[in-house]
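Enquirer: here is a sequence together with a model predicted from it:
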Amino acid sequence: FCEELEMLHIENTNLNGTVPDEVCMLTKIDLNSLNDEVEIFKADCAHDNETGVPFITCTCCDTCCDHITHNCFANYNYSDFATNTATRPSQNITTNETGSPIVNPTEDSRVSLFMRKFEDEVLQRDAKFNDLGSEDPRYLALDWILNNDQMNLGLDSMNLNQRYVLALIAFSLDSKAWGAIEEGSVIGNKEVDGKSTWLSSIDECSWYNVSCTGGLVTGIQLDEYSLIGEIPAEISRLDHVDSISLRKNCLYGVSVVRLLVFGHKYISLRFDTICHFLSQTLPPELGELPLKYLGLAENAFSGFIPETLFNLTSVEYVFLSFQNGNRWNCTRSRGGIVDIYYSHGDQAQGANLGLQGKILGDKISNLSSLRTIS
């Protein structure tokens, strides 16, 4: 890993999404001290003229480029551009000029209490809401809990944290299954009961394919539901989950910048070089769960298998096979096809190389309950 990144360019590519907080934290440079001619963090983060949203969200970039015209703008100011909020619910949280959430005075006390609780008990990797962009799934889940969830759980509710985590999963993974679906609709190869869709204002234990014991979530089974995206690290806060099955979807894993040659302090990600520097590995936080069953086979994970998975001393069944070479598609909720044969589902990034590392090394003995691994 590079711990003192001095320059990062993500421009003129087909990459879209959000530059992870972990990448922003790599820089040791005070961007405010630099003159306009120096480009340090540069990406296709200028707002699109048609949609009003950037191709890449990058809160730490000092230079933003238009991914169509390739024109670049130093000291890019997000407040000068309208953002597309057509798909966002009405809310009592606003954002500052960098896109980070701030609370309105009338809601300050309530919102602050919820933010503090989730920061202390749920959010991972030292994340803070005021550092997140307004389209970050962690922020969207907070907004849903506060302003759209008719359950209106209080801070002392036993179910609040797990309900937030499940909402975060829904906002993190793109799928038609999260929307309003008529009873009998088919997502992937599964029939969905429209009365129990995720993000509906009923008990989360009644959301489809969520298992609970005594009101606590113990299992999630969403095989073949055309789920697209990254499993959030906060899934590890579902303290009682012993079974997770997300097989045959279009899950990418956690984006991490890796350097092929240690000591590099300049990275330029262009065209086909992207796949050499980005891996989409499993979230290491999965190793914190009391899992007996982990089914993530037939997705699009790549990179090294996290060593934390060898902490799953209770796990009996692990399915991680077929992460490369698969040829099936998932359809985004707003249209567009993801082909998991390719890295991040994008043909321009080259073929997905699959998971790497030793699974049958010395540490396999830690998995003392293991019966089947694939």
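Expert: Noted; the coordinates are in hand.

Enquirer: quick one: the strands in the stretch 251-374 of the chain, in order.
Expert: Listed from the start of the chain, the stretch 251-374 of the chain has strands (DSSP state E, counting those that start in this stretch) covering 254-257, 266-269, 278-281, 293-295, 303-304, 317-319, 329-331, 337-339, 355-356, 372-373.

Enquirer: and the fourth one, which strands flank it?
Expert: Which is strand 293-295. The strands that strand 293-295 pairs with in its sheet are strand 243-245 (parallel), strand 317-319 (parallel) (by DSSP bridges).

Enquirer: would you list these in TSV and tack on distance to Ala43?
Expert: C-betas here are computed from N, CA, C, even on glycine. Converted to TSV, the strands paired with strand 293-295 look like this (distance: least, CB to CB, whole Å):
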stretch	distance to Ala43
strand 243-245	32
strand 317-319	35
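
Enquirer: which one of those strands lies nearest to Pro232?
Expert: The closest of these to Pro232 is strand 243-245. By CB to CB, the value is 12.4 Å.

Enquirer: can you list contacts of that closest one?
Expert: By CB atoms under 8 Å, 6 or more residues apart in numbering, the surrounding residues in contact with strand 243-245 are 211, 218-223, 235, 286, 289, 291-296.

Enquirer: quick check, nearest of those residues to Ser333?
Expert: Each of the contacts of strand 243-245 was scored against Ser333 by CB to CB, and Leu222 proved nearest at 15.0 Å.

Enquirer: hmm, back to that, which stretch in the strands of the stretch 251-374 of the chain has the least confidence?
Expert: When those are compared by mean pLDDT, strand 266-269 comes last with a mean of 40.

Enquirer: so who does Asn209 touch?
Expert: Contacts for Asn209 (CB under 8 Å, 6+ apart) come out as 220-222.

Enquirer: can you do 6 Å?
Expert: Shown in contact with Asn209 (CB atoms under 6 Å, 6 or more residues apart in numbering): 221-222.

Enquirer: was I right to think Leu168 contacts Pro232?
Expert: Yes: between Leu168 and Pro232 there is a contact at 5.2 Å, judged by CB atoms under 6 Å.

Enquirer: which one's more surrounded, these two?
Expert: The residue with more neighbours, out of Leu168 and Pro232, is Leu168; 27 against 22, by other CB atoms under 10 Å.

Enquirer: where does the more buried one land in three-state SS?
Expert: Leu168 falls in the helix class when you classify it by DSSP: H, G, I helix; E, B strand; the rest coil.

Enquirer: same question for the one 3 residues further on.
Expert: With three-state DSSP as the basis, the three-state label of Phe171 is helix.

Enquirer: use 36 as the first number for this chain going forward.
Expert: That works, and once the first residue is 36, the last one we named lands at Phe206.

Enquirer: gap between Leu262 and Ala81?
Expert: Distance from Leu262 to Ala81, counting by CB to CB, to the nearest Å: 30 Å.

Enquirer: what's the answer for Asn106, then?
Expert: Per CB to CB, Asn106 is found 8 Å from Ala81.

Enquirer: looking at those two, which one has more neighbours?
Expert: Between Asn106 and Ala81, counted using other CB under 10 Å, Ala81 has the larger neighbour count: 24 against 9.

Enquirer: pretty sure that one is touching His105, no?
Expert: No: using CB under 6 Å, Ala81 is not in contact with His105, being 9.9 Å away.

Enquirer: who touches both of the two?
Expert: Applying CB under 6 Å, 6+ apart, one finds that no residue jointly contacts Ala81 and His105.

Enquirer: mind listing the strands for the stretch 136-285 of the chain?
Expert: Taking DSSP E, counting those that start in this stretch as the test, the strands found in the stretch 136-285 of the chain are 136-138, 208-209, 220-222, 225-227, 245-248, 251-256, 263-264, 278-280, 285-286.

Enquirer: and those strands, which one is worst for confidence?
Expert: strand 136-138 (a mean of 50).

Enquirer: how near is Gly264 to Ser349?
Expert: 27 Å.

Enquirer: when these two are compared, which one has more neighbours?
Expert: Neighbours were counted for Gly264 and for Ser349 using other CB under 10 Å; Gly264 has more, 23 against 14.

Enquirer: count the neighbours of the residue nearest to that one when sequence neighbours are not counted for me.
Expert: Once flanking residues are discounted, Gly264 sits nearest to Leu208: 4.6 Å by CB to CB, 6 or more residues apart in numbering. When neighbours are defined as other CB under 10 Å, Leu208 has 24 of them.

Enquirer: next one: the one 3 residues further on
Expert: The number of residues packed near Lys211 is 19, by other CB under 10 Å.

Enquirer: hmm, Ser368 and it touching each other?
Expert: Yes: counting by CB under 6 Å, Lys211 does reach Ser368; the two are 5.2 Å apart.

Enquirer: which neighbours do those two share?
Expert: Contacts common to Lys211 and Ser368, judged by CB under 6 Å, 6+ apart, are absent.
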